[in-house]
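[1] Pasting a predicted model and its sequence here:
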Amino acid sequence: MAPAPDTVRRERGEDFYRSFLVGYGALFFAPHPVSGALFLLATFAAGPVVGTAVLLGLFAATTTAHLMRRSRVELESGLYGFNGALAAFAVFSLQGETVELQLLAAGLAALTVPVTVWLLDGRWTTRLGLPVLSVPSLIVGLPLCYALTHYQGLHPWPGTMLPPYLTANSLFGAEYYSDTMRDAVASFPGGSPVLLLFLVGFGVYSRKLLAHLVTGLLLGAGVGYAFLGWVGAFDFSFVIVTALPTYLALAATFTGAGWRSVLYGAVGVVASFLLWFFLGLWLADQGLPTLTVPFVISTLSALLLLRLVPAERAPFLPRQLPLHQVGGPQLAERWSKDRQFGWRYWQETAGKLDLDWREYTDPQKVARARELVRRSQRIVFLTGAGISTESGIPDYRTGAVAWKQYDTKQFRFERFVASEDSRRAYWEMSQDFFLVLRAALPNAAHDAIAGLDALGKLEAIITQNVDRLHQRAGVADERVIEIHGNEHTVSCLRCGQSYDREEIYRWILHGVDVPYCSRCQGILKPDSVAFGQPMIDEECERALAAVRNADLLIIAGTSLEVQPVASLPVVALRAGTPVLIVNLQATDYDAFAELVLRGSCGALLSEICQLDTSRANASDPAGS
Ligand SMILES: [Zn+2]
């Protein structure tokens, strides 16, 4: 299933510290390693105890996520470090100065990872439309903090919490803070290096975010002043821990740029004050951390409320993609522009997946494969998604994160035909996907196969891909059997009228959300085979005939898990035709193949198909 373990380890090791720091930056809405490093420094400057707790939490969560082999897109988004650090904060707020509590914070941080995985992979957050922000640390942290305060007699730090003796009656008029607290409040951030480090950390990530930060601080202080006077304006636990994150979450991260987002943020700050005050009282009574809970609840409820007023929607609202929910305004703005954030992000990170597979591949095997190719005259290729991932087209495995934002059940053929809503969802996904297809170029693997065609050695390519990259590499259309159809043409399901995909693409771009046939108003669908849609019989027949006629079958970039393609190797094996498999993962046919090469299709196929014909013809390949 996974690539060579050595490679995975090396590849991930390089990014460990990066993902670790990005996580801490993400906790403060600036998912950038430099921001994370500055925030970490600021946390240590604020207090070595809290700094240590956070460091341990980040380390434990990131390590666990790496060990659980979570996708690098998730890791690089800082998702796990984010939740780990937040969990550590929660424990720290219970006076976590002892070694035991520090270790407990780390353990708790590690535990947020399986919970996050459960929320993501179980699609809970998608179904409920909730972000994967903070929810895991709440699920893990609250029961534990409750147990600690009730059974171990631990109590929240004064100064970061509402004082437990405070009652709602004392809100207006009566003395709100004790002198000690007033001193603590007054001494906190003004002019301290802590604040400076934070400001620089935000500025490094985005100046726009810095502007949001200042707006949020002013709004928080204003609302604190309005309700509680000057002490409220400088209250650390309200302004910094509750109001500011609420504002940043709503204004900067979830609703993007513009004045409307400032309005959402402002409403969120007022709501968070009420929650902080009344919920904070209750939490303090229970001995639970008031550090994070009010801001999480106010953000979540505001998000749910925003969803109820579709007319007022900002151009950019959460789409249940975890990345996106820990992403900052720069990503948000870009994504809101072209609405392809999941894929776009995938494409950006896909480039980093490029590896030199040669160092993991036995050169003798490669030489034997080349010899097989040299001797054959009617080669049939069977290709799948793995051959196009290097062109930036995600398959279901490497693109899992991108796919997660979609409810793929909606895309089943019977649903597509039956429901306008499913068609809308389908086209929304398909438009994003087409942008990726459109930008993709043939890679070394496509070029290598096209090279064999030029030598007259290619019988046919049977492909499960819908991207047309074999044709774009120069292979004639009639040699390519597209068993799953293609995405570059669209047909009317009623009258059969065919449309160029570019045309439909422009319709959608200009506001048509579900396109219909301009001739008969029938349902339009791309000519790729959808889940649950019958295969194209004619193409299956052609594939079968090609394999029967082959003198070598090369399977590249597919794990042969989908019928009818999965049974084609059997046809070749029964006819005594040698089968060569080039794939990242194991397949069920590995044991029966003449030769199996594990690795990237691009690197391997370009070596195997690069035939030095003059020399090969001159020497007798006695060794093979
Ligand atoms: Zn029609």
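    Okay, I see it.
[2] Going by the annotation, which residue ranges form each domain of the protein?
    As recorded under automatic domain parsing, the domains making up the chain are 5-337, 357-431+441-484+535-609, 487-528.
[3] so what does the helix or strand that contains residue 381 touch, helix or strand wise?
    Using DSSP states H and E, residue 381 maps to strand 379-383. In terms of contacts (3 or more CB pairs under 8 Å, 6 or more residues apart in numbering; DSSP states H and E), strand 379-383 is packed against helix 444-454, strand 458-463, helix 537-549, strand 552-556, helix 568-574. Any C-beta I mention is one placed from the backbone N, CA and C, and that applies to glycine too.
[4] And the ones you listed: which comes nearest the ion?
    Shortest distance between the ion and the helices and strands packed on strand 379-383, using CB to the ion, is found for helix 537-549: 21.2 Å.
[5] which residues touch that closest one?
    Helix 537-549 has contacts (CB atoms under 8 Å, 6 or more residues apart in numbering) with 378, 380, 382, 459-460, 462, 481-483, 485, 553, 564-565, 568, 571-572, 575, 577.
[6] And the residues you listed, which of them are buried?
    Neighbour counting with 16 or more other CB atoms under 10 Å marks 380, 382, 459-460, 462, 481-483, 485, 553, 565, 568, 571-572, 577 as buried within the contacts of helix 537-549.
[7] By mean pLDDT, point me to the weakest helix or strand of this protein.
    helix 322-326 (a mean of 31; mean pLDDT, DSSP states H and E).
[8] close to the ion, is stretch 519-533?
    Yes. Using CB under 5 Å from the ion, stretch 519-533 reaches the ion at 519, 520, 522.
[9] for residue 370, what are its contacts?
    607, 608, 609, 610, 611.
[10] which among these gets closest to residue 453?
    residue 609 (10.0 Å; CB to CB).
[11] right, and the closest one touches residue 449 too?
    Yes. With contact defined as CB atoms under 8 Å, residue 609 reaches residue 449; the gap is 6.7 Å.
[12] Pick out whichever of these two has more residues nearby.
    Using other CB atoms under 10 Å, the more surrounded residue of residue 609 and residue 449 is residue 449, with 31 against 26.
[13] The residue in the stretch 301-450 of the chain positioned nearest to the ion - how many residues pack around it?
    Across the stretch 301-450 of the chain, the shortest distance to the ion (CB to the ion) belongs to residue 417, at 14.1 Å. Burial of residue 417 is recorded as 15 neighbouring residues (other CB under 10 Å).
[14] before we move on, what about the one 4 residues further on?
    Counted with other CB under 10 Å, the neighbours of residue 421 add up to 11.
[15] which SSE is it in?
    Counting by DSSP H and E, residue 421 is part of helix 420-439.
[16] And the helices in the stretch 451-600 of the chain?
    469-472, 501-509, 537-549, 568-574 (DSSP state H, counting those that start in this stretch).
[17] The helix holding residue 421 packs against which elements?
    Partner elements for helix 420-439 (3+ CB pairs under 8 Å, 6+ apart): helix 341-350, helix 413-418, strand 485-492, helix 501-509.
[18] List the buried residues in that helix.
    Residues of helix 420-439 classed as buried: 422-423, 425-437 (neighbour count, 16+ other CB under 10 Å).
[19] Give me the average confidence score over the strand holding residue 381.
    For strand 379-383, mean pLDDT is 96.
[20] one step back: list just the nearest of the contacts of residue 370 to residue 266.
    Once CB to CB is applied, the member of the contacts of residue 370 that ends up nearest residue 266 is residue 607, at 60.7 Å.
[21] thought that closest one was touching residue 365?
    No. Counting by CB under 8 Å, residue 365 is not a contact partner of residue 607; they are 10.5 Å apart.
[22] more crowded one of those two?
    Ranked by neighbour count (other CB under 10 Å), residue 607 and residue 365 place residue 607 first, with 20 against 15.
[23] do you know how far the more buried one is from the ion?
    Taking CB to the ion, to the nearest Å as the measure, residue 607 falls 48 Å from the ion.
[24] Local confidence estimate at that residue?
    87.
[25] Check the gap between it and residue 362 for me.
    12 Å (CB to CB, to the nearest Å).
[26] before we move on, the earlier item: let me see the contact set for the residue lying closest to the residue of the stretch 301-450 of the chain closest to the ion once chain neighbours are set aside.
    Excluding the flanking residues, the one nearest residue 417 by CB to CB, 6 or more residues apart in numbering is residue 523, at 6.5 Å. Contacts for residue 523 (CB under 8 Å, 6+ apart) come out as 416, 417, 423, 492, 493, 494, 516, 517.
[27] Tell me the bridge partners for the residue nearest to the fifth one when sequence neighbours are not counted.
    Counting by CB to CB, 6+ apart, the nearest residue to residue 493 once its immediate chain neighbours are dropped is residue 523, at 4.6 Å. Each beta-bridge partner of residue 523 is listed here: residue 516, as defined by DSSP bridges.
[28] what pLDDT does residue 523 get?
    At residue 523, the model reports a pLDDT of 92.
[29] Distance-wise, check the nearest residue to residue 517 once chain neighbours are set aside relative to the ion.
    Nearest residue to residue 517 in three dimensions, chain neighbours excluded: residue 492, at 3.8 Å (CB to CB, 6+ apart). Between residue 492 and the ion the computed distance is 3 Å (CB to the ion).
[30] Now do residue 492: how many residues are near it, please.
    20.
[31] all helices for the stretch 101-250 of the chain, in order.
    124-128, 135-151, 179-187, 193-205, 207-228, 230-233, 244-247.
[32] Using CSV, list the CA coordinates for stretch 562-579.
    Provided in CSV are the C-alpha atoms of stretch 562-579 (Å, rounded to 0.1, in the frame of the first residue of the first chain):
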residue,chain,number,x,y,z
VAL,A,562,-11.3,-2.3,-10.1
GLN,A,563,-13.0,-4.5,-12.6
PRO,A,564,-13.0,-5.1,-15.6
VAL,A,565,-9.4,-4.0,-15.8
ALA,A,566,-8.5,-6.3,-12.9
SER,A,567,-9.2,-9.4,-14.9
LEU,A,568,-7.2,-8.4,-18.0
PRO,A,569,-3.9,-9.8,-16.5
VAL,A,570,-5.6,-13.2,-16.2
VAL,A,571,-6.3,-13.1,-19.9
ALA,A,572,-2.6,-12.4,-20.6
LEU,A,573,-1.3,-15.0,-18.2
ARG,A,574,-3.6,-17.7,-19.7
ALA,A,575,-2.2,-16.9,-23.1
GLY,A,576,1.3,-17.2,-21.8
THR,A,577,2.0,-13.5,-22.4
PRO,A,578,4.6,-12.1,-20.0
VAL,A,579,3.3,-9.5,-17.5
